[in-house]
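**Student:** Got a predicted structure plus its sequence, pasted below:
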Amino acid sequence: MAIRNSGEASARVKPKEKFDFFHDERVRSVFYQILTACVVGWLAWYLITNTAHNLEVRGMNTGFGFLSATAGFDTDFKLIEYKPGIGTYGRIFLIGCINTLLVSFLAIIASTILGFVVGVLRLSSNWLVARLSLTYVEVVRNTPLLLQIIFWYVGVFALLPRVKNSLDLSVGAELVFLNNRGLYSAWPIPGDLFWMTSVAFVAAVIGVFILRGWAHKRQDRTGQQFPIFSASVALLVVLPGAIYLLTGSPLDWDLPTLQGFNFAGGASLPPAFLALLIALTFYHAAHLAESVRAGILSVSKGQTEAALAIGLKPSRAMSLIIIPQAMRAIVPPMISLWMNVVKNSSLAIAIGYSDVVALFMQTALNQAGYAVEMVGMTMAFYMFISLSISGLLNIYNKRVQLVER
C-alpha cells in the first residue's frame, strides 16, 4: 500500500522547467519591445542631433522662438483677427490651421451626404438615374483631384460675372451675391438677449434625442410608429422661435452693399475656397458612393424581402433595415476617406487658398526660414487631425460591428 502511494506521488510531480531567456514567452515579448523602443529612440535622437548640428554649421537658426516674431505679410482670408506687422508667425500658423479645418469639415459633411445619396441611386431601378450616377462616379473618381480643383477655379469661378453684374442668389432679396471675386452674403449680428434663443435651441436638440429614445422604446413595446421626424422639426422650430419672438427678435443682419468696385459688409468667401470645397466634395463623394453601394450589396437580399413582407415601404426598409446593417462595411473605408479629405486639402496651394501649407510652409517659411520646425509643425498638425478622425470613427465602427454571443 505504501509503495503504491509513493508511486502515485512521484507520478504527480511535474518535471522542472528549464528557463530559456530568448525563448521564454514571459520575457521574450517584453525584452524585444524594450529593445525596439531603444533602437527607435536612438535613431530619433541621432536624427535630431545630427540635423541640429548641420543647421548650426551652416549658420541657420533653430528653435521655435520665431513663433513670437512679427510677420510682415497679410492673408486674403482669415477667421480671426490679424494685422500684418503686429501679428506673429504663431498667429499665421493658427490662421492656416483654422482655414484648413473649415474647408475640410464642410467638405467632409457635404461629401458624406452626397456620397450616400449617389451610392443609393446607383442601385436604383430607374435606368436613367442609375446610369447618370454611374457616369458621375466613373468620371469624377478617375480624374486627378488637382485637375478638378483647377477646373473649378479657372474654368468656373474665374468666368463668373464681374462685381457690378453679380448674380443675386437670393432671388431679388439682395442677401447673397456671387461674382468672380467670390460669394458675399448677409451676416447675423446677435443682440443682448439672443443667448436665450441659443439656450432654447440646445434644449430643443436635447429634447429631440429624448423624444427619439422614447419613440423607439414605445415602438418596441407596442409596435406603433411615432412621427419622429415631423415632431423633431416642430420642436427645433417652435421652441427657439417662440423664445426669439418673446425676447423681441434680438438679431440684426449686416448686409453686403456695393461700394465702389467691391461689396462691403456681410461675410465673404474667396473663389479659391469655393473651388476647393466643391472639388473636394465631388471627388470624395464619388469614392464614398462606391463604398456605400458595396455595403448595401453586402446585406442579404432576404433582409429587404423580410422588410417589405412586413409592410415597410422601400425607403423605410432602406433607412431602417439595410443602411444600418451596411454601415459595418461602409465605415472602415469612410475612415480613410475622411482623412484623405483633410490631407488632400493641401492641394489648395495650387490655386492660392490660404491653408496651413500655403501660409505657413510657403510664405512664412520663405520669410523666416526655420524649415525643419515649420515642416515638422505642419506634419504634426495633419497627423493629429488624421489620428483624431481615425480614433472617433473607430469607436463608432466598434458599435456597428456584429457582436458574437
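**Tutor:** Ah, there it is.
**Student:** I206: how many residues sit nearby?
**Tutor:** 10 (other Cβ atoms under 10 Å). (C-beta placed from N, C-alpha, C; glycine too.)
**Student:** let me redo that: V154
**Tutor:** V154 sits with 13 neighbouring residues when counted by other Cβ under 10 Å.
**Student:** V238 now?
**Tutor:** Burial measure for V238: 12 neighbouring residues, criterion other Cβ under 10 Å.
**Student:** Figure out the helix or strand that it lives in.
**Tutor:** Take DSSP states H and E as the rule and V238 turns out to sit in helix 228-246.
**Student:** Give the next helix or strand downstream of that helix.
**Tutor:** Next along the chain after helix 228-246, taking DSSP H and E as the criterion, comes strand 251-254.
**Student:** partners of the helix or strand following that following strand, with directions?
**Tutor:** For strand 251-254, the following helix or strand on the C-terminal side (DSSP H and E) is strand 257-259. As defined by DSSP bridges, the strand partners of strand 257-259 come to strand 262-264 (antiparallel).
**Student:** Any buried residues in the helix holding V238, and which?
**Tutor:** Within helix 228-246, the residues that count as buried by 16 or more other Cβ atoms under 10 Å are S232, L235, L236, L239, P240, I243, Y244.
**Student:** cool, and stretch 145-155?
**Tutor:** Those would be L145, Q148, I149, I150, W152, Y153, for stretch 145-155 by 16+ other Cβ under 10 Å.
**Student:** okay if I get these as CSV plus secondary structure?
**Tutor:** Conversion of these to CSV gives the following (DSSP: H, G, I helix; E, B strand; the rest coil):
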residue, secondary structure
L145, helix
Q148, helix
I149, helix
I150, helix
W152, helix
Y153, helix
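**Student:** What helix or strand is the spatially closest residue to L365 that is not a sequence neighbour located in?
**Tutor:** Counting by Cβ to Cβ, 6 or more residues apart in numbering, the nearest residue to L365 once its immediate chain neighbours are dropped is M374, at 5.0 Å. Secondary structure from DSSP H and E places M374 in helix 371-400.
**Student:** what packs against that helix?
**Tutor:** Using 3 or more Cβ pairs under 8 Å, 6 or more residues apart in numbering; DSSP states H and E as the contact criterion, the secondary-structure elements in contact with helix 371-400 are helix 89-121, helix 323-344, helix 365-368.
**Student:** L276 is nearest to which of these?
**Tutor:** Across the helices and strands packed on helix 371-400, L276 has its closest neighbour in helix 89-121 (5.6 Å, Cβ to Cβ).
**Student:** which strands and helices sit next to the closest one?
**Tutor:** Secondary structure elements in contact with helix 89-121, counted by 3+ Cβ pairs under 8 Å, 6+ apart, are helix 127-141, helix 271-297, helix 323-344, helix 356, helix 371-400.
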